[in-house]
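[1] could you work out the structure for the sequence below:
(one chain, ligands or ions: 1)
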Amino acid sequence: MAGPPEEFQGCTGVEKMKIALAADHVGFALKEKIREYLKNKGLEVEDHGPSNSEPVDYPDFAEKVAAQVAAKQADYGVLVCGTGIGMMIAANKVPGIRAAAANDTISARLAREHNNANVLTLGGRMIDEASMHQIVDTWLSTPFAGGHHERRVEKIDAIDQRYHLEKKV
Ligand code: RB5
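    Residues are numbered from 1 along each chain as shown. Purely as a prediction, here's the structure:
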């Protein structure tokens, strides 16, 4: 396995890259496969549920994972619903989160390279296990390109500041 991007090494104070993982009922089966795939790669995985495929509401699970990533308790989040879209929308409500629905490897690569995305969202209805392997591998091995993309990501953070953090003062 390729090592973690340099920016994340030591981020959590432990050697292994740590992934916060969750799903809703539609994404449950794929989440189970992702957890085993990541563990087999030697990554630390914190599974935030659910533990079965009984109906649940995806925002509840998006928030759990987003909170872990925003608090730097995990290097990346991975969320699975039917399309990846609901999880993406919900996770992006948490300041500091840049969640990207990436059901193909080009989206996964560019979300990391250009957007420095820190949460990958996937659609259990959209991809099979083999595609998941390719997307996850691409995500984990692609560093943020920086350069002019840095300025744009800083502007995303500035929106968080204006619409979320300032209201707490
Ligand atoms: C649940 O039925 C479904 O809406 C959810 O999995 C997801 O696709 C939402 O974006």
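
[2] mind listing the residues bridging to D47?
    Legend: beta-bridge partners of D47 under DSSP bridges are L21.

[3] neighbours of it, just the number please.
    Using other C-beta atoms under 10 Å, D47 has 18 other residues around it. Every residue, glycine included, has its C-beta placed from N, CA and C.

[4] check K41 too.
    16.

[5] from P55, how far out is it?
    31 Å (C-beta to C-beta, to the nearest Å).

[6] can you give me the strands in the chain?
    Using DSSP state E, the strands of the chain run over residues 18-23, 44-47, 76-81, 99-101, 119-123.

[7] redo the ones you listed as TSV? Include distance to I135 and mean pLDDT.
    Listed next are the strands of the chain as TSV, based on distance: least, C-beta to C-beta, whole Å; pLDDT from 0 to 100:
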stretch	distance to I135	mean pLDDT
strand 18-23	14	99
strand 44-47	16	98
strand 76-81	10	99
strand 99-101	11	99
strand 119-123	7	99
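
[8] now do the contacts for the residue positioned nearest the centre of the chain.
    Residue closest to the average C-alpha location in the chain (C-alpha atoms, centre = their mean): V119, at 1.9 Å. Taking C-beta atoms under 8 Å, 6 or more residues apart in numbering, we find V119 in contact with 65-66, 69, 76-79, 88, 91, 97-100.

[9] where does this protein come near the ligand, residue by residue?
    D24, V26, Y58, C81, G82, T83, I85, G86 (C-beta under 6 Å from any ligand atom).

[10] mind putting those into CSV with neighbour count?
    Output for those, formatted as CSV (neighbours: other C-beta atoms under 10 Å):
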residue, neighbour count
D24, 25
V26, 19
Y58, 25
C81, 32
G82, 18
T83, 18
I85, 15
G86, 21
